[in-house]
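> Quick one: sequence and predicted model below, then my questions.
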Amino acid sequence: MDRTKKVWINAVLLVITLVINSLGALGFINGTSQKEVSERYFTLITPSPGTFSIWSVIYLLLILSIIVMIVKKEDAYYQKSIDKITILFWISCIMNIAWIISFSFLLIGISLIFIFGLVISLSLILQKLTMLHDGKRFLLPLTFGLYTGWLFIATIVNTAVWLVKLQWNGFGIHNVIWAIIVLIIAVFIIFLVLLRNKNAIFPLPVAWAYLGIYQSLKTLEGSRTEYIPIQVVSLAGMAILIGMAAIQFYRNKYALLPKF
C-alpha cells in the first residue's frame, strides 16, 4: 500500500476514534459516560474530572500530526514514520474505540484487554519514533509521548476500576495501603520504560494524573485524615516524575529525544 493511502486511512480512523470518544464522553453509548462509570466504581487513584482535559490536548496533537504527515508525506523523516508506525496506529485506533464501547457498556474486564492492547501499540510506536529521531522533528514524539504516558496511568486506573467492580478485598490489606503501593510501583514502571524510550515528555502526563489524584482526594468529604498518606505520595510521585522528565531532557541535550 502506498503512503498516500496509509496517511488517509490514518485520518479516517482518527476521525472515527474522535467521534466514538465524543459519543462516549457525552453518554450516547449505553446512556452512560466514562465519567459516570468511573464514579460508579470509585477508586482512590482515580484523578479529578478536570485532569481528563488532557485528552483534548492529545487529540489536537494527533489531528495536527496526521495533517503534517499528509502535507509532508514526501519528506524523508515522515516517509519513514508513515512506514514504521501506520499499522500500529491503526491498531491503536481500533483498541481505543473498542475500549470506549466496552467501558461504556460496563464490560470493565473486557475493556481492560483493549486498553492493554492500546498502551502496548502506543509503546511500540514510541519506540519506533525514538529510533527514527533525527534531532529536528518533535511533533510526533511530543504527541505520542503524551498519549502513551497518559494511557499508562489510564490502564492502571482501569485495572483498579475492574477490581472494585469485582469487589476484590485486597487480601485484607487496607485500600489506602494498596493505593500507595500502586502509586509507588507506577513511578518505578515509568522509570523503567523511560530508560528504553528516552522520551522526555513521557513522564509528564503521569505527573499530571498524580496531581489529579491529589486534588480528587482533597475534595472528598469525610475521612480526609485517612487519605493524607495517599496525597503525600501523589505529590511526591508527581515531583519525582517531573524530575525524571527534566533529567531525560538534559540527557537528550535539551531535546525531547536523543539524536541517534
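Yep, that arrived.
> Please count neighbours and contacts with C-alpha atoms only from this point.
Fine.
> State the distance from Ile94 to Thr17.
Distance of Ile94 to Thr17, computed by Cα to Cα, to the nearest Å: 8 Å.
> higher neighbour count, these two?
Taking neighbours as other Cα atoms under 10 Å, Ile94 and Thr17 compare with Thr17 leading, 21 against 18.
> what's in contact with the helix or strand bottoming out on mean pLDDT in the chain?
Lowest on mean pLDDT, DSSP states H and E among the helices and strands of the chain sits helix 34-40, with a mean of 90. Here helix 34-40 makes contact (Cα atoms under 8 Å, 6 or more residues apart in numbering) with Gly24, Ala25, Gly27, Thr46, Pro49, Ile100, Phe103, Ser104, Leu106, Val161.
> Mind doing that once more with 10 Å?
Contact partners of helix 34-40, identified using Cα atoms under 10 Å, 6 or more residues apart in numbering, comprise 21, 24-27, 33, 42, 46-47, 49, 52, 100-101, 103-106, 108, 157-158, 161, 164-165.
> Please narrow those to those residing in helices.
The helices, defined by DSSP state H, take in 21, 24-25, 100-101, 103-104, 108, 157-158, 161, 164-165 from the contacts of helix 34-40.
> pLDDT below threshold where in the protein?
For the chain, applying pLDDT under 70 flags the ranges 221-224, 260.
> That one: helices as residue ranges?
For the chain, the helices defined by DSSP H cover 3-25, 34-40, 54-71, 76-104, 108-132, 139-165, 175-197, 204-218, 224-251.
> and the third one with helix 3-25, angle?
Taking axes from the mean of the first three to the mean of the last three Cα atoms, to 10 degrees, helix 54-71 and helix 3-25 form an angle of 160 degrees between their directions.
> Helix 54-71: which residues count as buried?
For helix 54-71, the buried set under the neighbour-count rule, 16 or more other Cα atoms under 10 Å, comprises Ile54, Ile58, Tyr59, Leu61, Leu62, Ile63, Ser65, Ile66, Ile67, Met69, Ile70.
> Please apply the same query to the second one.
When burial is assessed from 16+ other Cα under 10 Å, helix 34-40 yields the following buried residues: Gln34, Val37, Ser38.
> With distance to Trp150 added, can I get these in JSON lines?
Formatted as JSON lines, those follow (distance: Cα to Cα, whole Å):
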{"residue": "Gln34", "distance to Trp150": "16"}
{"residue": "Val37", "distance to Trp150": "19"}
{"residue": "Ser38", "distance to Trp150": "16"}
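> Of these, which is the nearest to Phe114?
Here the nearest of these to Phe114, counting by Cα to Cα, is Gln34; it sits at 15.0 Å.
> quick one: the closest one from Phe103, how far?
For Gln34, the distance to Phe103 - Cα to Cα - is 7 Å.
> Same question for Trp150.
Trp150 is 17 Å from Phe103, by Cα to Cα.
> before we move on, what about Tyr227?
27 Å.
> Among the two, which residue is more densely surrounded?
The neighbour count for Tyr227 versus Phe103, taken as other Cα under 10 Å, is higher for Phe103 (26 against 19).
> Check whether that one really touches Ile110, as I assumed.
Yes - using Cα atoms under 10 Å, Phe103 makes contact with Ile110 at a distance of 7.9 Å.
> In PDB, could you pull the C-alpha coordinates for stretch 185-200?
Below are the C-alpha coordinates for stretch 185-200, written out as PDB (Å, rounded to 0.1, in the frame of the first residue of the first chain):
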ATOM      1  CA  ILE A 185       5.100   0.900  41.600                       C
ATOM      2  CA  ALA A 186       3.700   3.000  38.800                       C
ATOM      3  CA  VAL A 187       6.500   5.500  39.200                       C
ATOM      4  CA  PHE A 188       9.000   2.700  39.100                       C
ATOM      5  CA  ILE A 189       7.400   1.300  35.900                       C
ATOM      6  CA  ILE A 190       7.500   4.700  34.300                       C
ATOM      7  CA  PHE A 191      11.200   5.000  35.200                       C
ATOM      8  CA  LEU A 192      12.000   1.600  33.500                       C
ATOM      9  CA  VAL A 193      10.000   2.500  30.400                       C
ATOM     10  CA  LEU A 194      11.700   5.900  30.200                       C
ATOM     11  CA  LEU A 195      15.100   4.200  30.200                       C
ATOM     12  CA  ARG A 196      14.000   2.500  27.000                       C
ATOM     13  CA  ASN A 197      12.000   5.100  25.100                       C
ATOM     14  CA  LYS A 198      14.100   8.100  26.300                       C
ATOM     15  CA  ASN A 199      11.100  10.400  25.600                       C
ATOM     16  CA  ALA A 200      11.400  13.400  28.000                       C
END
